[in-house]
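Novice: Whatever this is, show me its structure:
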Amino acid sequence: MINFLRNVGSNFIDQIWRLGAGGRLFGLMLISSGESFRRFRLVVREVYFTGVNSLVIISVSAFFVGMVLALQGYHTLQKYGSSEAIGVLVALALVRELGPVVTALLFAGRAGTAITAEIGLMKATEQLSAMEMMAVSPIARVIAPKFWAGVISLPILAALFSMIGILGGYLVAVPLIGVDAGAFWSQMQANVDWQFDILNGVIKSVVFGVACTMIALFEGYDAPPTAEGVSRATTRTVVTSSLAVLALDFALTSFMII
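Specialist: You can find the predicted model right below:
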């Protein structure tokens, strides 16, 4: 019993320490962001690394998600004689929830793990220590550009996810099922609100971008400088980011609805 309590207390203290270390890294990163923006090409390069290289998986996933939404939604709405509202269902589901959430999960699995592995390997090969020896801040040179690239990339990817998903829903609903194209687009335009739907989705994607990118950066920066340490940090990035996205989605949705 004593050993159990000791292990629980040790794990709790370790998590509190990691939370404090992550907050400290976040603060130092914000302080060093000015130097990164003065050399904005670093941020642009990281946007390509995290955003452009994620376009394929985001686009393919969005297309199939939109098609599945159209198929499932049509058969449900048809029971109530509202099959013409399939465009509204697809658009609201993507813009409000699935666009930001699924994009963040895919971003954590693809870009987040790559960020963690890259920083962890830089730490294991002492590249970060070499920067400090040359009076170059690794936080300003490596951490801050990657953070802002993630914050910029994820909202754009979420918007693309929603647009491609709506296109996939249209291709299933109109040519395949036979829903009227005019009704599909007109009801969507009439019922999707700019502030309550689209803006809230953008806010969610920005928050998810901050959370996923910061978790990936901290896990890589805090990883033990070994192959096993980097692999465990990469796994923790996916698990922690996924849980953080789902928890933040519930919290943000609660505030937005209320």
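
Novice: use CA for all of it now, contacts and neighbours both
Specialist: OK.

Novice: how many other residues sit next to residue 162?
Specialist: 30 (other C-alpha atoms under 10 Å).

Novice: Residue 229 now?
Specialist: The tally of other residues near residue 229 (other C-alpha under 10 Å) stands at 18.

Novice: in the stretch 151-258 of the chain, which spans are helices?
Specialist: In the stretch 151-258 of the chain, the helices defined using DSSP state H, counting those that start in this stretch lie at 181-191, 200-222, 227-257.

Novice: Find the helix or strand that the most centrally placed residue in the chain is a member of.
Specialist: Residue closest to the mean C-alpha point of the chain, counted by C-alpha atoms, centre = their mean, is residue 104 at 2.4 Å. Residue 104 is part of helix 99-107 when elements are defined by DSSP states H and E.

Novice: what helices or strands is that helix leaning on?
Specialist: Judged by 3 or more C-alpha pairs under 8 Å, 6 or more residues apart in numbering; DSSP states H and E, the packing partners of helix 99-107 are helix 55-78, helix 144-171, helix 200-222, helix 227-257.

Novice: I'd like to know which elements the shortest one is packed against.
Specialist: Of the remaining helices and strands, those touching helix 200-222 by 3+ C-alpha pairs under 8 Å, 6+ apart are helix 2-31, helix 99-107, helix 113-124, helix 144-171, helix 227-257.

Novice: helices or strands next to the longest one in the packing?
Specialist: Going back to what we said before, that points to helix 227-257. helix 99-107, helix 113-124, helix 200-222.

Novice: Show the average pLDDT along the second one.
Specialist: Per-residue confidence for helix 113-124 averages out to 88 on the pLDDT scale.

Novice: what does that helix rub up against?
Specialist: 128-129, 146, 216-227, 230-231, 233-235, 237-238 (C-alpha atoms under 8 Å, 6 or more residues apart in numbering).

Novice: How about residue 93, nearest residue that isn't a chain neighbour?
Specialist: residue 99 (7.8 Å; C-alpha to C-alpha, 6 or more residues apart in numbering).
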